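can't give you the sequence, but here's the structure:
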């Protein structure tokens, strides 16, 4: 339905009529001119001259009405579906250490590396987080933020897909990765702040202890869910190379009030993604947003056209 942003502007419509009534008029100098009959027949008739005069009087009126209409701000309010917002900030922290190259996962009937399996599941998980602000931290010997917190989950999914082993070393700095994720969240004003930390090894790099970072997460009010990835762990097979430190990851989750998950294959990984979706349900029902479409340029353009015609007609006189 069409409405006006400033309908009181229409009170100015009778202003020219009031000016004609109240302001003193100016006497026009007139006179008669005798011309020969042959010239008189070639001159415009009184009727044709009267039509031109009326047209020249109507154009200023149309110009004034168009200007007033444009100033009144014609607009139409349309309801559009709003992006659901959860008020949650979520950072995904993924281990990129050398052990993630091991080909011991099966995906779609073929053997793939741990990283490829994580990428496949993480991309689906991230794209399903519409309404969350999602960030990505990648860590190995060093940690770095691959994306800031953003509603653009498609961009985060692409960053997950582009993650490459070796660009930040090959050892595992769990505390460093978690610490950087917490730094991304420390100034967040979201009602819920969550880190999902995935690692397939033990903390072998860095000077910060995982327990200290876990306590920091609790102090900041950040919930950390941890995922222990790999077929072997230090609790059941302590002498196995690249065994995952499930005890440390469990301690981090429990200290912060989160959950820990044990993943040995792709099915476990997909189940974890579904479980975290249930723990951190995405999306809230939002009322439709109202979009305002302005139509003032159309009467403004009509007023401009009238002014051009008016100037041209005066020059032709």
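Sure thing, it's come through. Please read all numbers here as calculations on a predicted model, not as lab measurements.

from now on I want contacts and neighbour counts done on CA atoms only, so please keep to that.
Fine.

quick one: low-confidence parts of the protein?
Residues of the chain meeting the criterion pLDDT under 70: 25-55, 80-86, 205-207, 280-290, 315-317.

quick check: domain ranges of it?
Domains of the chain are assigned by automatic domain parsing as 2-21+35-79+293-316, 88-279.

any idea which of the ones you listed is most buried?
With neighbours defined as mean count of other CA atoms under 10 Å, those peak in mean count at domain 88-279, which reaches a mean of 20.

that domain: how far from the chain's middle?
25 Å (CA atoms, centre = their mean, to the nearest Å).

do me a favour and get the end-to-end distance for it?
Start-to-end span of domain 88-279 (CA to CA, to the nearest Å) is 12 Å.

now swap in stretch 185-194 and tell me
Terminal-residue distance, stretch 185-194 (CA to CA): 8 Å.

got it, and stretch 169-176?
Termini of stretch 169-176 sit 13 Å apart (CA to CA).

who touches it?
Here stretch 169-176 makes contact (CA atoms under 8 Å, 6 or more residues apart in numbering) with 95-99, 139-143, 199, 201-206, 208-210, 213.

same question for stretch 98-115.
96, 117, 165-166, 169-171, 200-201, 230, 242, 265-266.

in TSV: the residues you listed, plus secondary structure.
Below are the contacts of stretch 98-115 laid out as TSV (DSSP: H, G, I helix; E, B strand; the rest coil):
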residue	secondary structure
96	coil
117	helix
165	coil
166	strand
169	strand
170	coil
171	coil
200	coil
201	coil
230	coil
242	coil
265	coil
266	helix
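
end-to-end on stretch 256-268?
First residue to last in stretch 256-268 (CA to CA) measures 23 Å.

distance check, the residue nearest to residue 265 when sequence neighbours are not counted against residue 164.
Nearest residue to residue 265, sequence neighbours excluded (CA to CA, 6 or more residues apart in numbering): residue 105, at 5.7 Å. Residue 105 sits 18 Å away from residue 164, going by CA to CA.

next: residue 272.
Residue 272 is 23 Å from residue 164, by CA to CA.

check contacts around the spatially most central residue of the chain.
The centroid of the chain falls nearest to residue 151 when counting by CA atoms, centre = their mean (5.7 Å). By CA under 8 Å, 6+ apart, the residues touching residue 151 are 130-134.

mind checking what secondary structure residue 235 has?
coil.

now do residue 310
With three-state DSSP as the criterion, residue 310 reads helix.

doesn't residue 60 make contact with it?
Yes - at 7.4 Å, residue 310 and residue 60 qualify as touching, with contact defined as CA atoms under 8 Å.

now the strands for this protein?
2-4, 74-80, 88-95, 105-107, 110-112, 133-139, 143-150, 192-199, 223-229, 260-263, 289-294 (DSSP state E).

need those strands in a markdown table (columns: distance to residue 66).
As requested, the strands of the chain are exported to a markdown table (distance: least, CA to CA, whole Å):
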| stretch | distance to residue 66 |
| --- | --- |
| strand 2-4 | 14 |
| strand 74-80 | 11 |
| strand 88-95 | 49 |
| strand 105-107 | 66 |
| strand 110-112 | 69 |
| strand 133-139 | 46 |
| strand 143-150 | 44 |
| strand 192-199 | 52 |
| strand 223-229 | 60 |
| strand 260-263 | 67 |
| strand 289-294 | 15 |
